[in-house]
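Trainee: Okay, sequence plus prediction incoming.
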Amino acid sequence: MYQIKTFNAISPVGLATFTAEYQINQKDAQPDAYLIRSVDLHEHDFPRSLKAIGRCGAGYNNIPLERASEQGIAVFNTPGGNANAVKELVLAMMILANRQVIAAANWTNQVQPGADITLEAAKSQFNGQELLGKRLAVIGLGHVGSLVANAAVNLGMEVIGYDPYLSADAAWQLSREIHRAPSLAAVVDQADFITVHVPKNEETTGMIDQELISQFKPTAVLLNFARHGIVDNQAVIDALNTKRLRWYSTDFSDALIHGHPRVTILPHLGGSTVEAEANCARMAAKAVMTYLTTGNLINSVNLPALQTPFASPERITLIHRNIPNMLGQISSLIAQHQINIENLANRAKADFAYTIVDVSDFANPDQQAALIQELAQIPAVSRVRLIHQPRGGNK
Ligand SMILES: NC(=O)C1=CN([C@@H]2O[C@H](COP(=O)(O)OP(=O)(O)OC[C@H]3O[C@@H](n4cnc5c(N)ncnc54)[C@H](O)[C@@H]3O)[C@@H](O)[C@H]2O)C=CC1
Ligand SMILES: O=C(O)C(=O)COP(=O)(O)O
């Protein structure tokens, strides 16, 4: 029986994906895996039993990846699982900003009941502009950015994108009508809307800063549904107050922007739809179950993708540092026990690597335990697991 512990509100549809071999939130259980959303795990101590974290969502800046790898924990996310939800909200926020929808609805609510709210004098203060023909800059053309860009093309907008790391798969998703900018300065130039869809990391923190905002059209609308801190909020407030920016719409609040009349803040709602929550929880549950029962890695963010069918009923998996002679040490320990390697797969991702070794049968359980212990003692190995091929197929 595997133990799963959840943090945050995880969709029941996703939790129902777990088979009978899994218990969820059992009291006092040693968790094999966490299923989480945005809970901040940076100060959290991982129990030794923890082998996997499934992030039901895209962004994983709430998880200490280096520490997870050092402690032998595979971290998974759910690429694209909530991208449509974010796309729809971003489109809504562009329309809200351009049609003064919130201000007009608030005004209507506070006039005397029965007053003629359709009078020209009253309604002309809420005159808007259309999206058709306007220029949208999309920074980051991954799962969310590409959907926003394509939908904007379909709405008749002129779309220009910037993504220096665009993958070939992501490029295939893009409408041919989307222009590609060579730099941040070029993408924001003359844009009526600028929307940012990059992960939060060292490079992207503060990427929308005072200098970049000074290159916007003063009538531009800026949208941040990616992460707090990617946009410099002080620079936004300064630009709004000096009429160098028309509107800021974001999913992330702080004291600097709170209550500003030309800022719309939502309580981190981008991925909060029934459909997106179900998609993400299902994807995370599947990745975690696959990893626990087969050792195969799908959608891991701290370890490489590595999937291989069982070549024999016994499989040893190892998470270790990506340094020379790891495979030499692993295979010679296995050979010392007169055990044959039926298949070996290894792949690295940055400072860590993952190895799957399918081995011939052990002589007895003692030999099994001794080998696993010896492998775990190799310096730079952070986790060794022995997995028996699941019944019912070669997964
Ligand atoms: N508000 C919300 O509820 C949600 C927020 N998000 C946020 O949006 C981010 C993006 O989500 P996805 O599109 O699903 O991720 P993704 O990984 O599919 O796409 C991110 C894209 O950003 C690009 N990129 C990375 N660094 C860049 C840089 N310096 N300049 C330009 N482009 C850069 C990458 O090449 C990639 O194409 C997530 O990391 C998360 O922080 C995602 C889903 C929901
Ligand atoms: O998927 C993401 O990156 C999100 O920001 C969604 O966060 P949430 O799961 O709604 O707390």
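Mentor: Nice, I can see it. Ligands and ions are numbered 1, 2, ... in the order given.

Trainee: Averaging pLDDT per element, find the lowest-scoring helix or strand in this protein.
Mentor: helix 120-123 (a mean of 86; mean pLDDT, DSSP states H and E).

Trainee: can you list the residues of the stretch 101-250 of the chain near ligand 1?
Mentor: Contact residues, the stretch 101-250 of the chain versus ligand 1 (CB under 6 Å from any ligand atom): 139-145, 162-166, 170, 197-200, 203-204, 225-227. C-beta here means a position set from N, CA and C on the backbone, and glycine is covered the same way.

Trainee: circling back: and the least confident helix or strand of the chain, how far out from the chain middle?
Mentor: Distance, stretch centre to chain centre, for helix 120-123: 45 Å (CA atoms, centre = their mean, to the nearest Å).

Trainee: Stretch 20-28 now?
Mentor: 26 Å.

Trainee: Go through it and flag the buried ones.
Mentor: By neighbour count with 16 or more other CB atoms under 10 Å, stretch 20-28 contains the buried residues 22, 24.

Trainee: What's the end-to-end length of it?
Mentor: One end of stretch 20-28 sits 19 Å from the other (CA to CA, to the nearest Å).

Trainee: Can you name the residues in contact with the next helix or strand after the least confident helix or strand of the chain?
Mentor: Using DSSP states H and E, the helix or strand that follows helix 120-123 towards the C-terminus is strand 135-139. Applying CB atoms under 8 Å, 6 or more residues apart in numbering, the contact partners of strand 135-139 are 94, 145, 148-149, 152, 157-163, 178, 181, 184, 187-188, 190-198, 207-208.

Trainee: Helices along this protein, start to end?
Mentor: Here the chain has its helices, by DSSP state H, at 12-15, 65-70, 83-99, 101-110, 120-123, 143-154, 168-173, 184-188, 210-213, 233-241, 274-294, 326-336, 365-376.

Trainee: Mean neighbour count and distance to residue 354 added to those helices, as TSV?
Mentor: Formatted as TSV, the helices of the chain follow (neighbours: other CB atoms under 10 Å; distance: least, CB to CB, whole Å):
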stretch	mean neighbour count	distance to residue 354
helix 12-15	17	25
helix 65-70	19	10
helix 83-99	20	27
helix 101-110	12	49
helix 120-123	10	62
helix 143-154	23	24
helix 168-173	12	22
helix 184-188	18	35
helix 210-213	17	38
helix 233-241	18	39
helix 274-294	22	10
helix 326-336	15	11
helix 365-376	14	14
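
Trainee: mind putting those helices in a markdown table, distance to residue 343 included?
Mentor: Shown next, in a markdown table, are the helices of the chain (distance: least, CB to CB, whole Å):
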| stretch | distance to residue 343 |
| --- | --- |
| helix 12-15 | 32 |
| helix 65-70 | 24 |
| helix 83-99 | 35 |
| helix 101-110 | 59 |
| helix 120-123 | 71 |
| helix 143-154 | 33 |
| helix 168-173 | 28 |
| helix 184-188 | 46 |
| helix 210-213 | 50 |
| helix 233-241 | 52 |
| helix 274-294 | 13 |
| helix 326-336 | 12 |
| helix 365-376 | 17 |
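
Trainee: lowest-confidence stretch among those helices?
Mentor: Confidence, taken as mean pLDDT, is least for helix 120-123 of the helices of the chain (a mean of 86).

Trainee: Next to ligand 1 in this structure, residues from the stretch 251-395 of the chain, please.
Mentor: Residues of the stretch 251-395 of the chain lying near ligand 1 (CB under 6 Å from any ligand atom): 251, 268, 270, 271.

Trainee: let's see 8 Å
Mentor: 251, 252, 268, 269, 270, 271, 272, 276 (CB under 8 Å from any ligand atom).

Trainee: For ligand 2, what's the nearest residue on the chain?
Mentor: Distances between the chain and ligand 2 by CB to the nearest ligand atom are smallest at residue 57, namely 2.6 Å.
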